[in-house]
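*Asks:* sequence first, predicted coordinates after that:
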Amino acid sequence: MKLIKESALMMNEDTKAEISTLLRAHIDESPYTLNEIAILCGFHGPEMLEGILSGELRVPLDKAMPLAKAIGCDGQTLFALVLKSWFGVELVNTIEEVFTNDAASAVERGWIAFLRDFYGDRIPELTPTLRRRLRLLVSLPG
């Protein structure tokens, strides 16, 4: 039982570190100061954000989407990470599996997961130029 708790704690720490990395990348690019971002999210000052960035605190569930909007981060990605930090990876993965749109096949969901892993939360728009490049890449032998 102790091993299970330690494993869950370690995964929680990994998730908090992932959240911190994601947020820091967007905050560094944001035109807003940390205090301004805090105000946009409904915090009274930057202390909560500082705690989240250091990994000491978790993002409150009700602040995940306002935070994503304030810093230009993908809300779905951030919210999934925040849920994992509160409830664990297994539960969130189960919820995603249950509520995933069944219109996409397993292969299509695999492509989507690959794109999210590859690009993070900055997946480029599928422009005509990008479509041509992908067609060329797929047509190459090998």
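*Replies:* Noted; the coordinates are in hand.

*Asks:* how close does Ile123 get to Phe99?
*Replies:* Remark: distance between Ile123 and Phe99 (CB to CB, to the nearest Å) = 21 Å. Using the backbone N, CA and C atoms, a C-beta is placed for each residue, glycine as well.

*Asks:* higher neighbour count, the two?
*Replies:* Comparing Ile123 with Phe99 by other CB atoms under 10 Å, the one with more neighbours is Ile123, at 12 against 8.

*Asks:* tell me the SS of the closest residue in space to that one that isn't next to it in sequence?
*Replies:* Leaving out its chain neighbours, the residue that sits closest to Ile123 by CB to CB, 6 or more residues apart in numbering is Leu115, at 5.4 Å. Following DSSP: H, G, I helix; E, B strand; the rest coil, the label given to Leu115 is helix.

*Asks:* going forward, begin numbering at 49 instead of 1
*Replies:* Sure, I'll start numbering at 49, so the last one becomes Leu163.

*Asks:* can you give me the neighbour number for Leu163?
*Replies:* 12.
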